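1. got a predicted structure plus its sequence, pasted below:
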Amino acid sequence: MDSPQPAQAGEKIIIAAVGENGVIGRDGNLPWDVAADRRLFRRLTLAHTVIMGRHTFASLGGPLDERLNLVVSRSLDSRPGITVCRGFSAALAQAEGAGRGIFFIGGAEIYRRALAVADRMILSRIPGKFSGDTFFPPFSSSDWRLVSEQDQGDFILQVYLAIRQPKS
């Protein structure tokens with residue numbers, strides 16, 4: 001099983017598991033159980049920074065071990081194992097100062113904001129249409145180029161690179 005390239009220090013990466021209909025969550029959880037995808041997520045994010053929203057943090061049941069956990073929330077208080085940032089920009093600034101790879105791990109609003117700043121996107125496409133209440137935001141092929149697609153058995157692993165348009 002080929003794996004995406006490891007994150008470089010300061011590289012900003014979106015990582016998500018997405019159903020065929022764009023679902024990424026239902027009632028605060030994943031609507032599927034794909035062990036190979038969980039192992040890939042752990043392997044790629046270990047020793048790096050993860051940025052997540054409050055609901056994603058709650059769904060995890062606690063901080064992810066061996067990672068710098070930044071939680072974007074206006075209401076949550078910091079606790080052992082996490083740093084609470086009051087906005088997306090504050091979380092990004094904190095992550096950039098940590099000198100590690102930066103992974104955006106959800107939810108939908110974090111992904112939506114990350115689409116504008118991420119360098120790479122790693123999507124596990126889970127076969128099937130799932131009922132859910134949280135969806136991955138749409139993105140344009142004029143902003144992202146698919147560079148790799150591999151059948152992993154239980155899911156299709158897609159890697160995209162951002163296409164940055166020159167600022168005028």
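-> Looks like it arrived, so ask away.

2. please look at A36 and Q150 and confirm they touch.
-> No - counting by C-beta atoms under 8 Å, A36 stays clear of Q150, with 11.8 Å between them. To be clear about C-beta, it is placed using only N, CA and C from the backbone, and glycine gets the same treatment.

3. this structure: helices as residue ranges?
-> In the chain, the helices defined using DSSP state H lie at 35-45, 54-60, 88-96, 108-114.

4. what's the neighbour count on R67?
-> R67 has 18 neighbouring residues, counting by other C-beta atoms under 10 Å.

5. mind listing the residues bridging to the residue lying closest to it once chain neighbours are set aside?
-> The shortest distance from R67 to any non-neighbouring residue, by C-beta to C-beta, 6 or more residues apart in numbering, is to V50 (5.1 Å). In this entry, V50 is beta-bridged to N69, F103, by DSSP bridges.

6. show me what contacts V50?
-> L64, R67, L68, N69, L70, F103, F104, I105 (C-beta atoms under 8 Å, 6 or more residues apart in numbering).

7. pick out the residue nearest the middle of this structure.
-> Nearest residue to the geometric centre of the chain (C-alpha atoms, centre = their mean): I105, 2.7 Å.

8. I'd say that residue and I15 touch.
-> Yes - with contact defined as C-beta under 8 Å, I105 counts as touching I15 (6.0 Å).

9. nearest residue to A9 in space, ignoring adjacent ones along the chain?
-> Among residues not flanking A9 along the chain, G99 sits closest, at 5.1 Å (C-beta to C-beta, 6+ apart).

10. thinking again about what came up before, between I105 and I15, what contacts are shared?
-> F41, T45.

11. any low-confidence regions in this protein?
-> 1-2, 165-168 (pLDDT under 70).

12. now the strands: where do they sit in it?
-> In the chain, the segments counted as strands under DSSP state E are 12-19, 23-25, 49-53, 68-72, 82-85, 102-106, 120-126, 134-135, 144-151, 156-162.

13. need the winner for burial among the helices of the chain.
-> Most buried of the helices of the chain, by mean neighbour count (mean count of other C-beta atoms under 10 Å): helix 108-114, with a mean of 20.

14. any idea how far that one is from the chain center?
-> 9 Å (C-alpha atoms, centre = their mean, to the nearest Å).

15. elements contacting it?
-> The contact analysis (3 or more C-beta pairs under 8 Å, 6 or more residues apart in numbering; DSSP states H and E) places helix 108-114 against strand 12-19, strand 23-25, strand 49-53, strand 102-106.
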